[in-house]
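Q: next comes the sequence, and after it the predicted model I'd like to discuss.
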Amino acid sequence: MSYKGKFRVWRGDSEGGELKDYEVEVNEGEVVLDVIHRLQATQTPDMAVRWNCKAGKCGSCSAEINGMPKLMCMCRMNTFEEDEVVTVTPMRTFPVIKDLVTDVSFNYQKAREIPAFKPPADVKPGEYRMQQVDVERSQEFRKCIECFLCQDTCHVIRDHEENKESFSGPRFLMRIAELDMHPLDAADRQHAAQEQHGLGFCNITKCCTEVCPEHIKITDNALIPMKERVADRKYDPLVWLGNKIRRRPA
């Protein structure tokens, strides 16, 4: 069973562009990426689109479909009416290279700014020990496929380009939270999250959680707990007193 679908696709580059209308065949069981490929093969051979696995695991085919950040390979055509216009645009937060392909190098730069796992100086490799409950706490975050949809939808950088220098975004604040939860990580993640990576910019709207294709509860399980630990350290009078006592000379 097939029908003629109506697609509106953004075409252009870093200099500018526009939405163009197309009619293209849609078959039963297809996803948006299938139709984009057919459009590329039959009408627009010069259209640029980034993709790889077509199985929702590589995070390459991120785009905005009817205004919602999604993976094109995971957005099924049967979720639209046959006469509905499906609008496909590049991720708005990042600079366009061409058509549906954006420059996501901002994210790799932010990744490089996070120091790697730092084990305690007195624990040798092979001697690391941790409880299973600690393993499970951060296991959810490791499902991330780095599609950067959470980065795209976060209004802190989506609507405010000037914040990109001082805000790392939910994906990388989640990474910092993961390391902070690790019982053997000796680095000061809480201070770095607040002072270097802009944790305070996040106002927990949960938009990042809503678009995550891996259903990671970014806000509830990473960002809010991280904010709580930072606030406790900075404002809890008992924590403040404890820090003062520990810093007293012997």
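A: Structure's in. What do you need?

Q: quick one, helices of the protein?
A: 32-42, 105-112, 132-139, 149-153, 155-158, 170-181, 189-195, 207-211, 218, 224-235, 237-247 (DSSP state H).

Q: what helices or strands is the shortest one leaning on?
A: If you count contacts as 3 or more CB pairs under 8 Å, 6 or more residues apart in numbering; DSSP states H and E, helix 218 packs onto helix 170-181. For glycine as for every other residue, the C-beta is placed from the backbone atoms N, C-alpha and C.

Q: now for the helix it packs on, which elements pack on it?
A: helix 105-112, helix 132-139, helix 149-153, helix 189-195, helix 218, helix 224-235.

Q: how about the fourth one: buried residues?
A: Translated: helix 189-195. R189, Q190, A192, A193, Q194 (16 or more other CB atoms under 10 Å).

Q: angle of the lowest-mean-pLDDT helix or strand in the chain against helix 224-235?
A: Across the helices and strands of the chain, mean pLDDT, DSSP states H and E gives its lowest value to helix 237-247, namely a mean of 72. Counting by axes from the mean of the first three to the mean of the last three CA atoms, to 10 degrees, helix 237-247 lies at 60 degrees to helix 224-235.

Q: excluding its own residues, what touches helix 237-247? List them.
A: Outside helix 237-247, the residues within contact range by CB atoms under 8 Å, 6 or more residues apart in numbering are D232, R233.

Q: then stretch 162-176?
A: By CB under 8 Å, 6+ apart, stretch 162-176 touches 106-107, 110-111, 113-114, 141, 144, 146, 148, 150-151, 154, 156-157, 189, 192-193, 197-199, 201-202, 208, 216, 218-219, 222-223, 226.

Q: if you set the cut-off to 6 Å instead, what comes out?
A: 110, 114, 141, 150-151, 154, 156-157, 189, 193, 197-199, 201, 208, 218, 222-223 (CB atoms under 6 Å, 6 or more residues apart in numbering).

Q: of all the buried residues of helix 189-195, which comes closest to V123?
A: Comparing those against V123 with CB to CB places R189 closest, at 17.7 Å.

Q: separation between that closest one and M174?
A: Distance of R189 to M174, computed by CB to CB, to the nearest Å: 12 Å.

Q: for stretch 20-27, buried residues please.
A: Y22, V24, V26.

Q: so the last one sits right up against M77, yeah?
A: Yes: counting by CB atoms under 6 Å, V26 does reach M77; the two are 5.3 Å apart.

Q: what about D159, how many residues nearby?
A: Neighbours of D159 under the rule other CB atoms under 10 Å: 10.

Q: on that earlier part again, pipe the helices of the chain into JSON lines and attach distance to D13 per row.
A: Below are the helices of the chain laid out as JSON lines (distance: least, CB to CB, whole Å):
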{"stretch": "helix 32-42", "distance to D13": "16"}
{"stretch": "helix 105-112", "distance to D13": "16"}
{"stretch": "helix 132-139", "distance to D13": "40"}
{"stretch": "helix 149-153", "distance to D13": "19"}
{"stretch": "helix 155-158", "distance to D13": "20"}
{"stretch": "helix 170-181", "distance to D13": "26"}
{"stretch": "helix 189-195", "distance to D13": "36"}
{"stretch": "helix 207-211", "distance to D13": "25"}
{"stretch": "helix 218", "distance to D13": "32"}
{"stretch": "helix 224-235", "distance to D13": "38"}
{"stretch": "helix 237-247", "distance to D13": "52"}
